[in-house]
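Chemist: Got a predicted structure plus its sequence, pasted below:
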Amino acid sequence: MFHTEKDKIVTAEPALKGRDGYLFQLGAHHVFSEPMTDIERYPNQLILGMGCFWGAERLFWQAKGVLLTAVGYAGGSTPFATYNEVCTGKTGHTEVVAVAYNPEIVSLDELLTIFWESHDPTQGMRQGNDIGTQYRSALYLSSIDDLKQAEESKAVFQKKLNSSGFGDISTEIAMIDKFYFAEPEHQQYLDKNPAGYCGLKGTGVTCI
């Protein structure tokens, strides 16, 4: 599917209408073996956009202290969008990973470090060869305190990037609004297809 608008987030009025519910049912997580929808019951979570969501989800299900992950769509206007709809650029959504975690094992700062270091947050509406608004960098947080912490971590990493010759961070940072699960075939894709595509690539700059 080709993007009709590769560098502009569609506004609500011209966005695709969407629907009132999912066209599928989700089963158990392929790695953690618990119902996918259970992710909504965890109090500590964040939603991250780092380009194609397949590799990003694997990155976080492998992180210590992560309890559950799911891929989906967020940041747009179309309710219960499908993958093909998101790919048109007419929903406003970006591909994201929802991450539930145990703060006694892994801190938000540690998860943000993984986020910043594992992709290039300066690329705007793309990530590497994946071009379009659905691949934009994004952070959606579940509390004002978490939002403030994310903004502070962005400022720290921006200085590190600048000293290495990179430009401004374009990551969208906001409170969680709506997260829509992606279709079952996209969930834990790289566990089901270990040789599948993964476009994750950091800048080589670290937060330390």
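Modeler: Sure, I can see it.

Chemist: how about the closest residue to residue 14 other than its chain neighbours, secondary structure?
Modeler: Nearest non-adjacent residue to residue 14, counting by Cβ to Cβ, 6 or more residues apart in numbering: residue 90, 7.3 Å away. Where you see a C-beta, it was placed from the backbone N, CA and C, and this is true even at glycine. Following DSSP: H, G, I helix; E, B strand; the rest coil, we place residue 90 in the coil state.

Chemist: For burial, what's the neighbour tally of residue 90?
Modeler: When neighbours are defined as other Cβ atoms under 10 Å, residue 90 has 21 of them.

Chemist: Got the confidence number for it?
Modeler: pLDDT, residue 90: 96.

Chemist: next one: residue 208
Modeler: The model's pLDDT for residue 208 equals 76.

Chemist: Check residue 8 too.
Modeler: 88.

Chemist: what's near enough to touch it?
Modeler: Under the criterion of Cβ atoms under 8 Å, 6 or more residues apart in numbering, the neighbours of residue 8 are 125, 133.

Chemist: Starting from residue 177, give me the distance back to it.
Modeler: The spacing between residue 8 and residue 177, counted by Cβ to Cβ, to the nearest Å, is 20 Å.

Chemist: same deal with residue 61?
Modeler: 24 Å.

Chemist: who has more neighbours, these two?
Modeler: Neighbours of residue 61 and residue 177, each counted by other Cβ under 10 Å, are more numerous for residue 61; the result is 21 against 10.

Chemist: looking at it, that one is touching residue 33, isn't it?
Modeler: No: counting by Cβ atoms under 8 Å, residue 61 sits too far from residue 33 to count as a contact (11.8 Å).

Chemist: Residue 173 bridge partners, please.
Modeler: Taking DSSP bridges as the rule, residue 173 bridges to residue 139.

Chemist: Let me see the contact set for it.
Modeler: Contacts of residue 173 by Cβ under 8 Å, 6+ apart are 138-141, 147, 150-151, 154.

Chemist: Which one of the residues you listed is nearest to residue 101?
Modeler: residue 141 (12.6 Å; Cβ to Cβ).

Chemist: For that closest one, grab phi and psi.
Modeler: Phi and psi for residue 141, reported as degrees, to the nearest 10, are phi -110, psi 160.

Chemist: Give me the distance from the helix or strand harbouring residue 154 to the chain's centre.
Modeler: Following DSSP states H and E, one finds residue 154 within helix 144-163. Centre-to-centre, helix 144-163 and its host chain are 17 Å apart (Cα atoms, centre = their mean, to the nearest Å).

Chemist: That concludes my questions; thank you for your assistance.
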